[in-house]
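**Q** prediction below, plus the sequence it came from.
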Amino acid sequence: MAERNSNSTFAISLVAGTAGMLLALLFAPRSGRETRQRIGMATTNAKDRASDNMEDLRANAEDGLQRARDIKDRLSATIKARDKQSEAHNNNNQSSVRSPILTSWDEEV
């Protein structure tokens, strides 16, 4: 949910900044040369901010993926330990029962 709010905030900021820039261009008494320079600087700044935001999003996605892998590994280890305890407790040669969800997750990841 926080990521959705962050993305919405970024989009609103981008739209508001663009609208403000356009209004400033319409009402500011500057020469064409100055206006082009300012547009160039604003464009460069916007690209830099967008690049920084993309790097942050990529890092957050990688962190989330690593956390999901860690949780999956812990769940897998817990289930395997539980199955071994159950097998030892029953003292029979039946194969341990694995969760079909975990099995398909192991195959996907």
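**A** Structure's in. What do you need?
**Q** quick one: the most centrally placed residue in the chain from R74, how far?
**A** With distances taken as Cα atoms, centre = their mean, A61 lies nearest the centre of the chain, 3.3 Å away. As judged by Cβ to Cβ, to the nearest Å, A61 and R74 stand 21 Å apart. C-beta: built from backbone N, CA, C; applies to glycine.
**Q** again, but for K47
**A** Using Cβ to Cβ, we find K47 at a distance of 41 Å from R74.
**Q** residue ranges with poor pLDDT in this protein?
**A** 1-4, 91-109 (pLDDT under 70).
**Q** switch the cut-off to 50
**A** 1, 94-96 (pLDDT under 50).
**Q** what segments of it are helices?
**A** 2-27, 32-90, 100-108 (DSSP state H).
**Q** tell me the contacts of V15?
**A** Contacts for V15 were tallied using Cβ atoms under 8 Å, 6 or more residues apart in numbering; there are none.
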